[in-house]
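> task: produce atomic coordinates for the following.
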Amino acid sequence: MLMPQNVCITGTDRGIGLELVKALLQAGCTVYAGGIADPNPELLQLTEHFPDRLHSFRLDVGSDASVREAAERIRGLTPALDMLINNAALLGDTGKTVADDLDFDDMQQVYNVSALGAIRMANALLEPIMNGGKLIVNITSEAGSIGNSYREA
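Model (predicted):
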């Protein structure tokens, strides 16, 4: 596969998302970086070094309106995305078990962001994705793996 040129990444506030932004900018890509921190000092600093290739914006993948606004902005800047990287997620309370008092509102928020957020993004950016590389990458932690999760039930 050729190196993607136009990439949208969610969850770019820190960690894997921020590191992906840095690596893809260094590789020559144009990056559309969405995160909940506004302003994000690290992304602002990167924008100074890559003013024409880094487009950062506030994005809450748990919000239909926020995803729509981000998609409109991206479509206004490019007709095609080579890759969408769904990295945004919430972990929630990992210390409780099914025997504990559980916060179901918190669980719904985790599901809304971590699972439905990726679907929201793919749906909102379907046209530019289909005009580009047609590649959607969904990142999860080991918490999303039945076989590799170290947590106890």
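> give me the below-cutoff pLDDT ranges for this protein.
For the chain, the stretches flagged by pLDDT under 70 are 1-2, 141-153.
> ranges for the helices of it?
With DSSP state H as the criterion, the chain has helices at 15-26, 41-49, 64-77, 104-111, 117-124, 126-131.
> which of these sits most buried?
helix 117-124 (a mean of 20; mean count of other C-beta atoms under 10 Å). Glycine gets a C-beta too; all of them are placed from N, C-alpha and C.
> relative to helix 104-111, how tilted is that helix?
Put simply, helix 117-124 runs at 50 degrees to helix 104-111, going by axes from the mean of the first three to the mean of the last three C-alpha atoms, to 10 degrees.
> and the contacts of helix 117-124?
8, 10, 61-62, 64, 67-68, 70-71, 84, 86, 88-89, 129, 136, 138 (C-beta atoms under 8 Å, 6 or more residues apart in numbering).
> which one among those residues gets closest to E48?
C8 (20.9 Å; C-beta to C-beta).
> hang on, that closest one packs against L81?
Yes: between C8 and L81 there is a contact under C-beta atoms under 8 Å: 5.5 Å.
> give me the common contacts of the two.
With contacts taken as C-beta under 8 Å, 6+ apart, C8 and L81 have Y32, I74, L125 as neighbours in common.
> got the contact list for the first one?
The neighbours of Y32, taking C-beta under 8 Å, 6+ apart as the test, are N6, V7, C8, I9, H55, F57, I74, L77, T78, L81.
> now the buried members of these.
N6, V7, C8, I9, H55, F57, I74, T78, L81 (16 or more other C-beta atoms under 10 Å).
> not counting sequence-adjacent ones, nearest residue to the second one?
Yep, that's V7 we're talking about. M83 (4.6 Å; C-beta to C-beta, 6 or more residues apart in numbering).
> same question, the fifth one
Once its chain neighbours are removed from consideration, H55 has its nearest residue in Y32; the separation is 5.0 Å (C-beta to C-beta, 6+ apart).
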